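1. Kindly return the folded structure for what I paste below:
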Amino acid sequence: MNSKNIHIDLLNTHISEYGIEGLLPQNLSTTLLKIISTEFDNLQGKEDKSATVILNTILLLTKGELSSADDKNIDIEAEEFIDQVSNYGLAITVEEIRRAGLINISIDNLPTLNNILDTNRDLIATGNDEAINSFMKDFEK
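-> Take a look at the predicted model:
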């Protein structure tokens with residue numbers, strides 16, 4: 001079994017155990033957080049350009065948002081989907097920085113299923129000014 005299949009199996013196991021909320025960065029296992037982070041790095045020009053776990057995650061989050069609607073189809077514009085992928089990638093990066101202890105985010109400011117893909121979601125963090133400034137410089141590139 002190749003690594004992408006193993007990663008999808010890990011994702012599916014995680015979702016079956018924790019539900020759709022398990023896809024929020026703060027609820028990911030360290031292993032899944034690293035897998036998704038690596039896929040985002042790969043999308044930015046490194047060797048393996050596959051993003052199977054990321055794409056499945058975004059589609060599941062989008063479907064999860066639609067789960068109460070009568071229409072179960074996912075109809076999304078390409079630009080909106082790219083924004084959602086970018087928003088999720090930012091949330092993954094922020095979670096890695098939070099787990100490293102460089103920033104603090106109150107539980108009320110962690111992403112939710114309702115706002116994780118929202119471009120207008122506010123992020124309020126405290127911590128080491130140098131770490132936050134470094135993160136913002138990297139993000140602006």
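
2. Let me know how buried the closest residue to Ile105 other than its chain neighbours is, in neighbour terms.
-> Excluding the flanking residues, the one nearest Ile105 by C-beta to C-beta, 6 or more residues apart in numbering is Ala125, at 5.0 Å. Bear in mind the C-beta positions are built from the backbone N, C-alpha and C, glycine included. Residues near Ala125, counting by other C-beta atoms under 10 Å, number 16.

3. chain center to stretch 121-134, what's the gap?
-> Chain-centre distance of stretch 121-134: 18 Å, with C-alpha atoms, centre = their mean, to the nearest Å.

4. Export only the CA atoms of it, formatted as CSV.
-> Only the C-alpha atoms of stretch 121-134 are listed here, as CSV (Å, rounded to 0.1, in the frame of the first residue of the first chain):
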residue,chain,number,x,y,z
ARG,A,121,-12.4,34.6,10.1
ASP,A,122,-10.5,36.7,12.7
LEU,A,123,-7.5,35.2,14.3
ILE,A,124,-6.6,36.5,17.8
ALA,A,125,-3.3,35.2,19.1
THR,A,126,-0.9,36.3,21.8
GLY,A,127,2.7,35.3,22.4
ASN,A,128,6.2,36.1,21.5
ASP,A,129,6.2,39.2,19.2
GLU,A,130,9.3,37.9,17.4
ALA,A,131,7.6,34.6,16.6
ILE,A,132,4.4,36.3,15.5
ASN,A,133,6.3,38.8,13.3
SER,A,134,8.3,35.9,11.7
